[in-house]
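> predicted model follows, preceded by the sequence.
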Amino acid sequence: MSTAGYSDRINHALAFAAKHHDRQVHKGTRQPYGTHAANVAIILSRYDRDDETVIAGILQDVVADCVTERYSPEMLDQRIGQKFGTEVLESVLSVTLQRADEDGVDLSNDERRVHLLDRLESASDRARWVLAADALFAVGATLANLRRTIDANSVWSQLPMGKDGTARWYQSLCERFRAVGFDTPIVDELARAVDELSLRASA
């Protein structure tokens, strides 16, 4: 990756994500949601990932929103694939929580996470890097909030899975990464962050 800055394609993806997330804020805060995409891009760049991987990381939450809104494959291709490439779209979709299974049956929240862990075995390395970077940012952001508050419950209460569920989920993710052979430095960094998160959850 060029040391002079991001490529035009990455800048395009950042602008696209910022427009999509306009006025969205993280639950319980006033932090613009668009900063999520930028932070994932920084993490992937720090690990010298190529442009396609960085772009996929930037667009992950855009794709997740489209899946939540039940976009058809054709709509997803029009919104993401035609602008940023089919490979980018497929990489992101392979590590996005799905609303329904292959037969169109809606999944519960727990089933969606189990389904994602199962799909990691067939996911590409690019997709695994994207999911790992997204998880690392999410865990890091939670830890940062916990370190600067005197009321930890005010942080835990904002998380959809709660204190124990959040810690267990990221532990499961680290274990699954290693089980499928994705034993990379970013997983080591994520595991260290998850260890601290688990300690704080059990305190």
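Yes, it's here. Predicted model, so just to flag it, every value in this text is computed and none were measured. Residues are numbered from 1 along each chain as shown.
> please make it C-alpha for all contacts and neighbour counts, starting now.
Noted.
> which stretches of this protein have low pLDDT?
Applying pLDDT under 70 to the chain flags residues 1-4, 22-34.
> for the residue lying farthest from the centre of it, what are phi and psi?
What lies farthest from the middle of the chain is Ile150; by Cα atoms, centre = their mean that is 27.5 Å. When quoted as degrees, to the nearest 10, the phi and psi of Ile150 stand at phi -100, psi -10.
> please, which helix or strand holds Leu173?
helix 162-179 (DSSP states H and E).
> next, the buried residues of that helix.
For helix 162-179, a neighbour-count test (16 or more other Cα atoms under 10 Å) marks Lys163, Thr166, Ala167, Trp169, Tyr170, Gln171, Leu173, Cys174, Glu175, Arg176, Phe177 as buried.
> look up how far Gly85 lies from the second one.
If I follow you right, that is Thr166. 32 Å (Cα to Cα, to the nearest Å).
> which parts of the helix or strand that contains Leu117 are buried?
Here Leu117, judged by DSSP H and E, is contained in helix 109-119. If you call a residue buried by 16+ other Cα under 10 Å, then helix 109-119 has these buried ones: Glu111, Arg112, Arg113, Val114, His115, Leu116, Leu117.
> which pair in these has the greatest spatial separation?
Glu111 and Leu117 (9.9 Å; Cα to Cα).
> hey, which helix is longest across the chain?
Using DSSP state H, we find that the single longest helix of the chain is helix 125-147.
> now the angle from it to helix 162-179?
150 degrees (axes from the mean of the first three to the mean of the last three Cα atoms, to 10 degrees).
> what does the next helix or strand after helix 125-147 rub up against?
Downstream of helix 125-147, the next assigned helix or strand under DSSP H and E is helix 152-156. Residues from elsewhere that reach helix 152-156 (Cα atoms under 8 Å, 6 or more residues apart in numbering): Thr142, Asn145, Leu146, Gly162, Lys163.
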